[in-house]
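[1] dropping the sequence and predicted coords here.
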Amino acid sequence: MHEDPLTPEEAHTAKVQGLFLQYQPAVRGYILAMIPDFSAADDVMQETFLTVTRKASSFEIGTSFPAWVKTIARFKALEAIRARRFESLSEEVLQALGAEPRELRGDADDRLALLRGCLDQLAPQARRSIDYRYQNDHLPPQIADLMGCTVQSVNVTLSRARTFLRDCVQRKMAPTPS
Amino acid sequence: MFDEARLERLISAHFDRELTVEEKCELEAMLLSSSKARQLFLDHAEWHGLLREQAMQAGGVTLLDQVSRAEKKVLPFARRAWIAAGLAACVALGWWLRPSDKPPGTEGLAGNEVMHNEVALLDRAIDVEWDGPSFETGSALPKGPIKIRKGTLQLDFYSGARVVLEGPASLELLSPDLARLDSGKLTARVPPPAEGFTVMNANLRVVDRGTEFGMSVTGTNDCEVHVFKGEVELQGDVPEATTRELFEGHAVSIRQGKSEAMTANRDSFIDSTRLLEAATRENDANWENWKTASQAFRETPGLRIHFDFEDLDPSAMLLRNRAAGADEDSNGTIIGCEVLSGRWDRKGALGFAKTSDRVRFRSEGTAPAITLMAWVRVDSLPLEHNSLLSMAPDKVGEVHWKLDQTGRLLLGLRASTEYAYSSWERLESPPVVGPKDFGRWLHLATVIDSRTGTMSHFVNGSLVATGKMSRRVPVQLGLANLGNFDASSPASPTNGLVRAFNGRIDEFALLTRALTAEEITSMFEKGFID
């Protein structure tokens, strides 16, 4: 660890990276919309972060960070899709999705904290399915094997669990004392 | 227009990578034709991203992680090195690039599954020295061995059989009606519903057909069975001449494959009266020790409120504040609540059950730091928020201290006046109270220190969570409720919400200084139950 004070450029870069972290879950969602494969999306996340770091100086604090990072993430995702022929939606559809007026959300920390509480309220089966899907990166057929049930029932479990989690977080976001 | 349910299914299939070629065309057509469909898609993407992000931050949770992590592809070295170089200046910020090789935790193991393994309850432990894993009184015992070097245990099997085990002993719990005594002495009292309760040793099965027997094992080939009441049946490798049925007042000793009939001898086993006396003596001694420590605690610097719940008189509705120099105005008012026993038989406690039950008290001023401590027995967590303490000045600095439905200890400190989620500084612990802890006494402590900008939770003297305050708000004291919550302002969105606590409290303290971790550990140890 060196303890030299940061130069103004370094400080600016660190600030931009801080903003990236704040928007990271939203950026991840945005990339996953285009590339549903988790590990391919992870690669694009990394490239996006590196580009954000490299181009930090071109970002002006005070202008819209979500709009700026969205452009970079979109460009990186399209680049990956073209180069590596990922399974994805057609470019026409991706374009339409990209043109949709929608800001990336920056309140991820709050929502992640609430999400953790909500996950604990899931029934054991549902919780396991969600863990298999998002933590172990298993797809429904693998989950069905691991849980000894049909793919159909895994799909139902996952989709009910997602709905529950979304409702739960939204309910908790309601403005009540602590 | 489109079929929304169908669209939802297709979107889920897209994110789970299950779309067939036809379905993909169908989804694309829907997305191209409607902005509402695209919004729905992006909404799903956002939650999908959030779930993935949460999972990555949580790290490994399931046991299968070890397998799947090993299979997970790693970045090629050259690329990793390049990334490392690019990020040399921002290691702390680039934490998300960290390869996901954290050791898998065990928090995801559902409590329910573990509970299937439990066969008995540890009812008493007197003067016990454990050999291997130890258990607390009141805890559920899983299948497996119990070893003690000395002392006496009373185990209540889920079948209804009560076993008193005298150390040194080694007993393996096999099921609610089966145990194996490898060495030591036990007495089993088996009421009719538990008939058939069986204790084995290496060669023999002793099946209860009556009500009470004793068994002593000193080696693989050395065993005695005494019948005090009713009848037992001996099965397995019993020497030929031995009667298989043994009746009240009779005993048998089997040594080196030879059996000998004897008269049952109650005195060679501990009896329940003596056990009870010993337990009462220990109980009273612990209570006396606590009383001494508790009286000394009254002089602790910074102590604002100390309720010890002793000499309770519910007709007076008064809970005396024992803090040194406390005036009459700081006494608590008991509303509802039942007077019950606390950590020890003769210790007082208040039971909180009805939604109205609470203790109200008032403390004035502001404090840059406070410590909250309580000995509580949680009986259940039926509500989303189960309030331990809530202050209701409706001002910046008010404190809410509670357990949520999943057993996390939560703290909320109001940092601004609006009724909004973001108005609160929060600290939540991992789940610390599970169904297995219901009915057991726990020491909970929380420290808010706005000078250092930290908040911490402690359970049974150990730090379980700590966090930074982004707004260093001093605590605003005022009207407070113990074991309940009321929204002081009719404008509050929680007005009318029920957040009552269900359980008992037998000691509570509020200090206007931040206790150190060592002090909290010491408080816990002085009031420890066993």
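    Ah, there it is. Numbers count the residues shown, from 1 in each chain, chains lettered A, B, ... in the order given.

[2] how about whichever residue of the stretch 1-150 of chain B sits closest to chain A: what's its closest non-neighbour residue?
    Distance from chain A to each residue of the stretch 1-150 of chain B (CB to the nearest CB) is smallest for B:Gly49, at 2.3 Å. In short, each C-beta sits where N, CA and C put it, glycine included. Leaving aside its sequence neighbours, B:Gly49 sits nearest to A:Gly29 (CB to CB, 6 or more residues apart in numbering or on different chains; 2.3 Å).

[3] what helix or strand does the one you found sit in?
    With elements taken from DSSP states H and E, the one containing A:Gly29 is helix A:8-34.

[4] next SSE after that helix?
    Later in the chain than helix A:8-34, the nearest helix or strand by DSSP H and E is helix A:38-54.

[5] ok and that next one relative to helix A:8-34, angle-wise?
    Orientation of helix A:38-54 against helix A:8-34 (axes from the mean of the first three to the mean of the last three CA atoms, to 10 degrees) gives an angle of 150 degrees.

[6] same for helix A:38-54, what does it pack against?
    Helix A:38-54 is packed against helix A:8-34, helix A:65-84, helix B:77-86, with contacts defined by 3 or more CB pairs under 8 Å, 6 or more residues apart in numbering or on different chains; DSSP states H and E.

[7] closest to A:Ser159 out of these?
    Among those, helix A:8-34 comes nearest to A:Ser159, with 16.2 Å by CB to CB.

[8] average pLDDT for the helix or strand harbouring B:Leu153?
    Here B:Leu153 sits within strand B:144-157, counting by DSSP H and E. Within the predicted structure, the mean pLDDT of strand B:144-157 is 94.

[9] so which elements touch that strand?
    When contacts are defined as 3+ CB pairs under 8 Å, 6+ apart, strand B:144-157 packs onto strand B:118-130, strand B:162-175, helix B:272-297.

[10] C-terminal to the longest one, what's the next element?
    The one in question is helix B:272-297. Following helix B:272-297 toward the C-terminus (DSSP H and E): strand B:303-307.

[11] can you list the residues that contact that next one?
    Contacts to strand B:303-307, defined as CB atoms under 8 Å, 6 or more residues apart in numbering or on different chains, come from residues B:297-298, B:319-324, B:326, B:330, B:332, B:359, B:361, B:363, B:477, B:482, B:507-512.

[12] counting only helices, which of those make the cut?
    If you go by DSSP state H, these have B:Phe297 in helices.

[13] now the buried members of the contacts of strand B:303-307.
    Among the contacts of strand B:303-307, those buried by neighbour count (16 or more other CB atoms under 10 Å in any protein chain shown) are B:297-298, B:319-323, B:326, B:330, B:332, B:359, B:361, B:363, B:477, B:482, B:507-512.

[14] quick one: buried residues of the strand holding B:Leu153?
    Taking 16+ other CB under 10 Å as the neighbour-count basis, strand B:144-157 is seen to contain the buried residues B:146-148, B:151-155, B:157.

[15] which two of those residues have the greatest separation?
    The span of these, defined through CB to CB, is set by B:Gly151 and B:Phe157 at 19.2 Å.

[16] remind me which helix or strand the residue of the stretch 401-530 of chain B found nearest chain A belongs to.
    Per CB to the nearest CB, B:Gly412 is where the stretch 401-530 of chain B lies closest to chain A, at 2.1 Å. If you go by DSSP H and E, B:Gly412 is part of strand B:408-414.

[17] off-centre distance for the helix or strand just after that strand?
    Moving toward the C-terminus from strand B:408-414, the first helix or strand encountered (DSSP H and E) is strand B:424-431. The chain centre lies 17 Å from the centre of strand B:424-431; the measure is CA atoms, centre = their mean, to the nearest Å.

[18] strand B:424-431 pairs with which strands, parallel or anti?
    Sheet partners assigned to strand B:424-431 using DSSP bridges are listed as strand B:408-414 (antiparallel).

[19] distance of the most centrally placed residue in chain A relative to A:Pro36?
    Per CA atoms, centre = their mean, the C-alpha nearest to the average position across chain A is that of A:Arg28, at 2.3 Å. From A:Arg28 across to A:Pro36, the span is 12 Å (CB to CB, to the nearest Å).

[20] okay if I get the helices and strands packed on strand B:144-157 as a markdown table plus mean pLDDT and distance to A:Gln170?
    As requested, the helices and strands packed on strand B:144-157 are exported to a markdown table (pLDDT from 0 to 100; distance: least, CB to CB, whole Å):
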| stretch | mean pLDDT | distance to A:Gln170 |
| --- | --- | --- |
| strand B:118-130 | 91 | 37 |
| strand B:162-175 | 93 | 45 |
| helix B:272-297 | 89 | 45 |
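
[21] among the ones you listed, which comes closest to B:Phe15?
    The stretch from the helices and strands packed on strand B:144-157 with the least distance to B:Phe15 (CB to CB) is strand B:118-130; that distance is 39.0 Å.

[22] beyond that closest one, next helix or strand please.
    Following strand B:118-130 in sequence order, the next helix or strand is strand B:140-142 (DSSP H and E).

[23] and that following strand, what does it pack onto?
    Counting by 3+ CB pairs under 8 Å, 6+ apart, strand B:140-142 packs on strand B:118-130.

[24] got a list of what A:Leu89 touches?
    A:34, A:97, B:14, B:24, B:27-28, B:31.

[25] include distance to B:Phe352 and secondary structure when you put those into CSV, please.
    Formatted as CSV, these follow (distance: CB to CB, whole Å; DSSP: H, G, I helix; E, B strand; the rest coil):
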residue, distance to B:Phe352, secondary structure
A:Met34, 53, helix
A:Leu97, 53, helix
B:His14, 50, helix
B:Lys24, 57, helix
B:Leu27, 53, helix
B:Glu28, 58, helix
B:Leu31, 54, helix
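
[26] I'd like the residues you listed laid out as TSV, including pLDDT and neighbour count.
    Below are the contacts of A:Leu89 laid out as TSV (pLDDT from 0 to 100; neighbours: other CB atoms under 10 Å in any protein chain shown):
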residue	pLDDT	neighbour count
A:Met34	88	24
A:Leu97	86	22
B:His14	91	25
B:Lys24	91	18
B:Leu27	93	22
B:Glu28	92	19
B:Leu31	92	27
